[in-house]
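> Test case, fold it:
(one chain, ligands or ions: 2)
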Amino acid sequence: MSYTSRVIADVEQRCASEPVFIQACKEVLETLQPFLDANPKYEANAILERIVEPERIVQFRVSWTTDKGELKVNRGYRVQYNSALGPYKGGLRFHPSVNLGILKFLGFEQIFKNALSGLSIGGAKGGSDFDPKGRSDAEIMRFCQAFMTKLVPFIGMRTDVPAGDIGVGGREIGYLYGAYKHLTNRYEGVLTGKNLLFGGSLARTEATGYGCVYFAENMLASRGLDFKDKVCTVSGAGNVAIYCCEKLHQLGAKPVTVSDSTGMVYDADGIDVAVLRQVKEVEHARLTRYVELRPSAKYTPATDYAAGRHAVWDVPCFAAFPCATQNEISGEDAKALLANGCQCVCEGANMPSTPEAIALYLENGILYGPAKAANAGGVSVSQLEMAQNASMVHWTFEEVDRQLHNIMKNIYTRAATTAKEFGDPNNLLMGANVSAFREVADAMIAQGMY
Ligand code: NDP
Ligand code: 2IT
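Residues are numbered from 1 along each chain as shown. Ligands and ions are numbered 1, 2, ... in the order given. Have a look, this model is predicted:
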């Protein structure tokens, strides 16, 4: 049995109740075997056994009160996965589906994503099964304060720096930051994605979506293609999806879809980003509201679709940008994309493609930008926010965007060069995994057996 198969079998047995974590482990480990065969020192140092195991997990009770005075209890977590390259860094997710397995998958991916950024940050993830939908501002504030009260002993600007993810945006980061400051008496960059008024970075809001499109631009250029007049599809309607649409417009493409968990919008004239921002960032409304404001757009409820299918992927496109959540492109969805001539899938969300979908992209030789490379723009600008906080300076939007552009180009080049080095030039998933793994593993070996 190969080294990777042995460790995967062990993970499958020990983490049997964490299917998405097992999926994320396999997605990385299965691409590493040729590299590990050529470099026996990694097995000799038990790197795989160590890298799949988080350095520390904290789980805590979060008790809070609704506006009506009801007492509520949620679970909070922080998975501090790997600190070989720098302080733990990664987002917080507030969504009713959150459990330890989901946060372990996200934290595991984050280790390699953060390595690819080249910015000296370790990997972590956290969050809660709290559902922010339908909650008032005051309830969100009390939840965030209760959450931070429990998280505070474990984080710090040189220890662990959380940020946003699903259900955690600027508003939540503001409340979390306020609580941290009052509990510690320290005004420091312990969270990223902050408001510009208290240490936030320009272009952090846009960074993940913009970065994803920059990554796709690099992939397209490798085949002499560009975005001019190309129809694109985008899923999700949150932070990543909105700024993915905005950058696509800026580069001359036409994004025609967005979606949320209840339905999809198809807008033949191209998604109107100002309207979408009004609906999602200002009104915190559902996408049916977008159609009220843009009667030319068409709404398809998610219930019209069979289980395992997603309406967005039936819309013919040149390039597809999944920006909602994990496993949102099934094998059947991928077949529909390919049948309609899609030439590029670039992942804004974390692990949005199922293993069946990834196999189809690679077999068919389309351009595939794997999440840990393509969506690394968000965490990269988070690190630029940490750098600005540490030196008490503020860079302009143009300066941050210029650095983001370079970072995405470097990540693409790293993944493409490594894919070529290991004999499979179109496989950026393998290239990204090997390149990131090599860096983290070498740092772990150099720091001794922990
Ligand atoms: P938001 O909370 O801003 O938006 C999430 C969007 O995805 C919403 O439209 C939401 O719809 C939809 N969605 C969430 N869960 C589900 C689900 N189970 N089924 C269907 N739709 C769902 O989050 P972000 O835009 O920040 O995050 C989107 C993705 O990008 C996630 O995978 C996240 O991990 C990843 N990511 C985010 C980064 C960031 O900087 N924010 C950085 C890198 C990756 P609804 O409102 O109906 O729930
Ligand atoms: O998945 C991710 O990379 C994020 N949610 C952003 C993490 C961060 O620290 O900015």
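
> Kindly list the longest strand within the chain.
Longest strand in the chain, counting residues (DSSP state E): strand 71-82.

> Report the rounded mean pLDDT for it.
Averaging pLDDT along strand 71-82 yields 98.

> what's that strand packed up against?
On a contact count with 3 or more Cβ pairs under 8 Å, 6 or more residues apart in numbering; DSSP states H and E, strand 71-82 meets strand 56-65, strand 88-94, helix 100-117, strand 123-128, helix 137-151, strand 160-163. Any C-beta I mention is one placed from the backbone N, CA and C, and that applies to glycine too.

> Show me what D165 is bridged to.
V168 (DSSP bridges).

> and it, how many residues sit next to it?
The number of residues packed near D165 is 27, by other Cβ atoms under 10 Å.

> From ligand 2, how far off is it?
4 Å (Cβ to the nearest ligand atom, to the nearest Å).

> Ligand 1 versus L151, what's the distance?
Applying Cβ to the nearest ligand atom to L151 and ligand 1 gives a distance of 18 Å.

> Spit out the contact partners of the closest residue to that residue other than its chain neighbours.
Closest residue to L151 apart from its sequence neighbours, by Cβ to Cβ, 6 or more residues apart in numbering: R78 at 6.1 Å. With contact set as Cβ atoms under 8 Å, 6 or more residues apart in numbering, R78 has these partners: 57-58, 124-126, 151, 154-155, 160, 162.

> Quick one: name the residues of the stretch 1-150 of the chain near ligand 2.
Contact residues, the stretch 1-150 of the chain versus ligand 2 (Cβ under 6 Å from any ligand atom): 89-91, 113.

> Relative to A307, which of the residues you listed is nearest.
G91 (28.4 Å; Cβ to Cβ).

> excluding its backbone neighbours, what's nearest that closest one?
Nearest to G91 is D165, by Cβ to Cβ, 6+ apart, at 3.3 Å.

> For beta bridges, what are the partners of the residue nearest to L151?
V58, G126.

> any idea how far it is from A237?
27 Å (Cβ to Cβ, to the nearest Å).

> Of all residues in the stretch 351-450 of the chain, which one is closest to ligand 1?
G378 (3.0 Å; Cβ to the nearest ligand atom).

> does that residue really touch Y210, like I thought?
No: contact criterion Cβ atoms under 8 Å: G378 and Y210 do not qualify, at 9.4 Å.

> Those two: who's more crowded?
G378 (29 against 25).

> ok, back up a step: how about the helices and strands packed on strand 71-82, which one is nearest L337?
Of all the helices and strands packed on strand 71-82, helix 100-117 comes closest under Cβ to Cβ, at 22.3 Å.

> Strand 71-82 and that closest one, what's the angle between them?
Helix 100-117 and strand 71-82 meet at an angle of 40 degrees, taking axes from the mean of the first three to the mean of the last three Cα atoms, to 10 degrees as the criterion.

> who in the stretch 51-200 of the chain is up against ligand 1?
164-167, 169.

> Excluding chain neighbours, what is closest to the spatially most central residue of the chain?
Centroid-nearest residue in the chain: N350, 4.2 Å away (criterion: Cα atoms, centre = their mean). Distances taken as Cβ to Cβ, 6+ apart put A371 closest to N350, at 5.1 Å, once the chain neighbours are dropped.

> separation between the residue nearest to L151 and G107?
9 Å.

> For the two, list the residues in contact with both.
124-125.

> what residues does the stretch 151-300 of the chain put near ligand 2?
163, 165, 192.

> List just the nearest of those to ligand 1.
When those are compared against ligand 1 (criterion: Cβ to the nearest ligand atom), the nearest one is D165, at 4.7 Å.

> And the pLDDT for the closest one?
So D165 comes in at 98 (pLDDT).

> doesn't L92 make contact with it?
Yes: D165 is within contact range of L92, at 6.0 Å (criterion: Cβ under 8 Å).

> who touches both of these two?
Joint contacts of D165 and L92 (Cβ under 8 Å, 6+ apart) are 125, 127.

> Please enumerate the strands of the stretch 201-350 of the chain.
Ranges of strands in the stretch 201-350 of the chain, per DSSP state E, counting those that start in this stretch, are 231-234, 254-255, 257-260, 263-266, 298-301, 319-321, 344-346.

> what's the most buried one of those strands?
Highest mean neighbour count among the strands of the stretch 201-350 of the chain (mean count of other Cβ atoms under 10 Å): strand 319-321, with a mean of 30.

> Pairing partners for that one, with directions?
strand 231-234 (parallel), strand 344-346 (parallel).

> Turn these into CSV, columns for mean pLDDT and distance to ligand 1.
As requested, those are exported to CSV (pLDDT from 0 to 100; distance: least, Cβ to the nearest ligand atom, whole Å):
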stretch, mean pLDDT, distance to ligand 1
strand 231-234, 98, 10
strand 344-346, 99, 12
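
> how about those strands in TSV, adding distance to E356?
As requested, the strands paired with strand 319-321 are arranged in TSV below (distance: least, Cβ to Cβ, whole Å):
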stretch	distance to E356
strand 231-234	19
strand 344-346	13
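
> and the biggest helix by length in the chain, what other elements does it pack with?
Using DSSP state H, we find that the single longest helix of the chain is helix 397-421. Applying 3+ Cβ pairs under 8 Å, 6+ apart, we find helix 397-421 packed against helix 100-117, helix 204-221, helix 371-374, helix 377-391, helix 428-446.

> Need these in JSON lines (columns: distance to A307 and mean pLDDT).
JSON lines is the format used below for those (distance: least, Cβ to Cβ, whole Å; pLDDT from 0 to 100):
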{"stretch": "helix 100-117", "distance to A307": "20", "mean pLDDT": "98"}
{"stretch": "helix 204-221", "distance to A307": "27", "mean pLDDT": "98"}
{"stretch": "helix 371-374", "distance to A307": "23", "mean pLDDT": "99"}
{"stretch": "helix 377-391", "distance to A307": "30", "mean pLDDT": "98"}
{"stretch": "helix 428-446", "distance to A307": "26", "mean pLDDT": "98"}
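
> Using TSV, lay out those together with distance to V231.
Compiled in TSV, the helices and strands packed on helix 397-421 are given as follows (distance: least, Cβ to Cβ, whole Å):
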stretch	distance to V231
helix 100-117	29
helix 204-221	14
helix 371-374	19
helix 377-391	23
helix 428-446	23
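
> one step back: how near is the residue nearest to L151 to E49?
22 Å.

> Please consider this matter closed, and thank you.
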